[in-house]
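Peer 1: compute the structure for the input listed below.
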Amino acid sequence: SDLKIEDFMFSHRSDEVLVKLPDEVCGQQFIIENCAGCDIFVLDWSAQVTVEECTDCRIFLGPVEAAVYIRNSRDLQCVIACQQLRTRDVVNLSALLLCVAQPSIEATRGVRLGCFCFYYAELQAQLLRARLSP
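Peer 2: Modelled structure (predicted):
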């Protein structure tokens, strides 16, 4: 079956609960853009995730094999497992983080980081697929 980019993104959404269940992303790149006031759950592993132009969102990202990029966003609460977190032009980011490499935080203010603390049944297998230690 052919992959459709719209199946691997949440774009221009407001005040919604948005969910990708296990086996719906399957290691593809995922994009979250122009979302406001959303609760976003990506409960699968992905190659890379970009979060851009988002405001007042709560975001959970299952294991990400490479980097998570957060850009031009504000007032985000996140739970992230990834190889590296990279931010630019972000205001007020709170994140619980499992991160292999040191985060790269640029032109970002109001950052609070803590330890990843989350569980769902498929998480351990997804961490291994994304080459992150469970």
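
Peer 1: spatially central residue for the protein, please.
Peer 2: Geometric centre of the chain, nearest residue: residue 61, 3.9 Å, by CA atoms, centre = their mean.

Peer 1: and stretch 110-122, how far out from the chain middle?
Peer 2: 11 Å (CA atoms, centre = their mean, to the nearest Å).

Peer 1: and the helices in the protein?
Peer 2: 123-129 (DSSP state H).

Peer 1: packing partners for the longest strand seen in the chain?
Peer 2: If you go by DSSP state E, the chain has its longest strand at strand 55-99. Judged by 3 or more CB pairs under 8 Å, 6 or more residues apart in numbering; DSSP states H and E, strand 55-99 is in contact with strand 30-36, strand 39-42, strand 49-52, strand 104-115, helix 123-129. Just so you know, the C-beta spots here come from the backbone N, C-alpha and C atoms, and that holds for glycine as well.

Peer 1: swap in 10 Å and give it another go.
Peer 2: strand 9-14, strand 17-20, strand 30-36, strand 39-42, strand 49-52, strand 104-115, helix 123-129 (3 or more CB pairs under 10 Å, 6 or more residues apart in numbering; DSSP states H and E).
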